[in-house]
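Enquirer: Sharing a model that was predicted from the sequence below.
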Amino acid sequence: MALLLEGFLYRYIVSGPRAQTIIKGSHESCAQYWWSNLLYINNLYPWKGEQCLGQSWYLANDMQFFFIAPLFIMLTFYRPLIGILVTVGTIIASAIASAVLTAHYKLGPTAFVVGNPDDMWLIYIKPWTRITPYLIGIIGGWLYWAWGEQIKKGVKTLPEWLRITSGLPIWAITTAIQYGVVFGLYNDLTKMKAPESDSVPYQSLARIGWSISLMAQNNVVPIR
């Protein structure tokens with residue numbers, strides 16, 4: 001329905017001094033590439049340019065991850081060591097890809113900091129740079145399935161003061177990491193420019209840091 005409205009009906013129902021100019025690009029893109037949205041490959045094709053229903057790039061990522069997730073889940077379930085190694089290896093490969101693309105094309109740490117205007121198409125919406133949180137979530141789910149109940153039972157035997165004091169350092173570290181991911185680019189965003197020494201680590205590690213911190217807060221921190 002959203003695809004139909006955005007691509008084909010808006011030009012008939014939207015009015016205003018610049019309405020037709022604004023929706024023209026979307027209409028033309030949907031007329032040409034509507035099928036890529038239905039196939040959930042609109043984050044890959046068109047490789048660069050105006051997308052039909054631009055915000056739906058993340059739906060394409062989610063569907064692609066949904067299709068390949070069983071490979072990682074089954075491998076981790078039946079061959080835990082191999083599954084974890086493959087999953088971690090894929091995470092590392094994704095981080096390296098983000099770092100190389102950022103350095104080679106001189107991208108900013110995010111698409112919102114002035115760098116290469118093609119940041120969105122080169123790295124921001126591509127599945128090989130977006131998959132890391134998904135894979136970390138798979139590892140977190142497996143860890144909880146494998147040891148979650150044992151950890152809970154063990155934690156419940158500890159005095160409450162020990163549970164709190166042992167959990168506080170983990171909360172402090174993970175919260176600091178998340179704070180850095182969200183607010184660490186404040187100066188770069190203010191200046192609208194960032195050195196490569198900021199851009200490369202952020203593009204490659206920010207999603208990993210956030211996801212691991214969230215996984216630790218949900219599965220590891222012994223505060224109940």
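Expert: Happy to help now that I have it.

Enquirer: List the contacts of the residue located most distally from the centre of the chain.
Expert: Largest separation from the mean C-alpha position in the chain: P159, at 37.9 Å (C-alpha atoms, centre = their mean). Shown in contact with P159 (C-beta atoms under 8 Å, 6 or more residues apart in numbering): no residues. From N, CA and C alone the C-beta is placed, and that goes for glycine too.

Enquirer: Now for the most centrally placed residue in the chain: which residues touch it?
Expert: By C-alpha atoms, centre = their mean, the chain has its centre lying nearest to R130, at 4.3 Å. Shown in contact with R130 (C-beta under 8 Å, 6+ apart): 61, 207.

Enquirer: how near is the residue farthest from the centre of the chain to S166?
Expert: 10 Å (C-beta to C-beta, to the nearest Å).

Enquirer: Then S36?
Expert: Distance, S36 to S166, by C-beta to C-beta: 50 Å.

Enquirer: These two: which is more packed in?
Expert: Neighbour totals were compared for S36 and S166, and S36 leads with 19 against 14 (other C-beta atoms under 10 Å).

Enquirer: And the pLDDT for the more buried one?
Expert: Listed pLDDT for S36 reads 91.

Enquirer: was I right about it contacting N42?
Expert: Yes: the pair S36 / N42 is scored as a contact, 4.3 Å apart, by C-beta atoms under 8 Å.

Enquirer: tell me, what's touching the two both at once?
Expert: Counting by C-beta under 8 Å, 6+ apart, the contacts common to S36 and N42 are C52.

Enquirer: which residues sit against the helix or strand where G89 lies?
Expert: Assigned by DSSP states H and E, G89 belongs to helix 80-104. Outside helix 80-104, the residues that touch it by C-beta under 8 Å, 6+ apart are 72, 74-77, 107, 109, 122-123, 128-129, 131-132, 135-136, 138-139, 142, 146, 196, 199-201, 203-205, 208.
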